[in-house]
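coordinates only, no sequence provided:
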């Protein structure tokens, strides 16, 4: 019985991985939003956000997860960002170190600016977990998922799929524990 259960779980995991890897999220249609949230950590993400900002698809942009050693002038020089954009429209977020803290940093920025609709920009392989984390922290904010197309390695896909599943399972467990605690305290 235990072998059958383990085999069933392995088959379910493998089928889920195939779906995860084959059907990666795609770039979104161009359209207006109140703000752009770019998560650092992958090639093309900041460039995509800047292209959208320059095309006036949103008035402001957060770059979340910027290394504390990166100075605004350095980032501006690297990406050819005009000084006016750095002053008016681009916020560099230095508080986050992972996807969960990206979501917290983004939620604080969204609340500060009273945004109702945001565009999330991250790599295609990272989008599902990132969007899930941001939806959890900002359930009332409309989100456009704008994936940057990449060519991820098998290792990157396996790692991201495992993180995505682990995070979802952990949250299911945490939610279940919260329900049990509320019932016990009632």
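It's in. Keep in mind that this is a model prediction, so the values were computed, not measured.

wait, what's in contact with the residue lying closest to residue 54 once chain neighbours are set aside?
Nearest residue to residue 54, sequence neighbours excluded (CB to CB, 6 or more residues apart in numbering): residue 85, at 7.8 Å. For every residue, glycine as well, the C-beta is placed using N, CA and C. By CB atoms under 8 Å, 6 or more residues apart in numbering, residue 85 lies in contact with 50, 53-54, 76.

look at residue 42 and tell me its secondary structure.
When classified by DSSP: H, G, I helix; E, B strand; the rest coil, residue 42 comes out as coil.

lowest-confidence helix or strand of this structure?
helix 154-185 (a mean of 78; mean pLDDT, DSSP states H and E).

so where do the helices sit in this structure?
2-22, 45-54, 72-79, 83-88, 99-113, 124-137, 154-185 (DSSP state H).

looking at those, which is nearest to residue 32?
helix 45-54 (9.8 Å; CB to CB).

mean confidence for that closest one?
For helix 45-54, mean pLDDT rounds to 96.

buried residues in it?
45-46, 48-50, 52-53 (16 or more other CB atoms under 10 Å).

same question, stretch 12-23
20-21.

report the rounded mean pLDDT for it.
92.

can you offset everything so residue one is 709?
OK, 709 is where the count begins now, so the last one is stretch 720-731.
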